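1. Make a model of this:
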Amino acid sequence: MHPSSRLLQHACRITLFTRQNCSLCINAKQTLSTVWDKRPFVYKEIDVMEPEFKGWKDLYEFDTPVIHVNRTELGEERPELSSKALKLMHRFSAEQIQEKMDAAESKTN
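-> Model (predicted):
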């Protein structure tokens, strides 16, 4: 079952920066799934080792997993804006993710 676009209208977008053979990334996906079950969000996954994501590789090759949390109405993630992102790195809990979601939803531009 997928939420309607109306339910996601004001939801957060979470981008997971990952790579193959990353056990922490598997744990991060499980934690994100737990959060999504309680509080749906728009999800995007980026494998930083893919050639088309070289900008992300330069930032996160040795730091995966990393998540960026933002409001859906803001544009796609861009490497040059990563310093402004609400992010969590390596190991994080469902509670920490929800705190970042709260912060993103209350943030004004």
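
2. where does the chain have low pLDDT?
-> 1-10, 108-109 (pLDDT under 70).

3. longest helix of it?
-> When the chain is scanned for its longest helix (criterion: DSSP state H), the result is helix 23-38.

4. Can you give me the buried ones in that one?
-> Across helix 23-38, burial judged by 16 or more other C-beta atoms under 10 Å covers 24-25, 28-29, 31-32, 35-36. To be clear about C-beta, it is placed using only N, CA and C from the backbone, and glycine gets the same treatment.

5. those strands in the protein, which residues are they?
-> Per DSSP state E, the chain carries strands over the ranges 12-18, 42-47, 66-71, 86-89.

6. what does the first one contact?
-> Just to be clear, that refers to strand 12-18. 25, 28-29, 32, 41-48, 56, 59-60, 63-72, 74, 77, 97, 101, 104-105 (C-beta atoms under 8 Å, 6 or more residues apart in numbering).

7. end to end, how far does stretch 19-27 reach?
-> 13 Å (C-alpha to C-alpha, to the nearest Å).

8. outside of it, which residues touch it?
-> Contacts for stretch 19-27 (C-beta under 8 Å, 6+ apart): 16, 18, 47-49, 61, 64-65, 90-91.

9. Restricted to buried residues, select those in PyMOL.
-> Buried residues within the contacts of stretch 19-27, by 16+ other C-beta under 10 Å, are selected in PyMOL with:
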select buried, resi 16+18+47+48+49+64+65
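
10. Okay, angle between the longest helix of the chain and strand 66-71 too, please.
-> 30 degrees (axes from the mean of the first three to the mean of the last three C-alpha atoms, to 10 degrees).

11. follow-up on the earlier one: show me which of the contacts of strand 12-18 are buried.
-> Buried among the contacts of strand 12-18 by 16+ other C-beta under 10 Å: 25, 28-29, 32, 41-42, 46-48, 56, 59-60, 64-71, 77, 97, 101, 104.

12. Show me which pair in the buried residues of helix 23-38 is furthest apart.
-> 24 and 36 (18.4 Å; C-beta to C-beta).

13. what's near enough to touch the spatially closest residue to residue 58 that is not a sequence neighbour?
-> The shortest distance from residue 58 to any non-neighbouring residue, by C-beta to C-beta, 6 or more residues apart in numbering, is to residue 79 (7.1 Å). Contacts of residue 79 were listed using C-beta under 8 Å, 6+ apart, and they are 55-56, 58-59.
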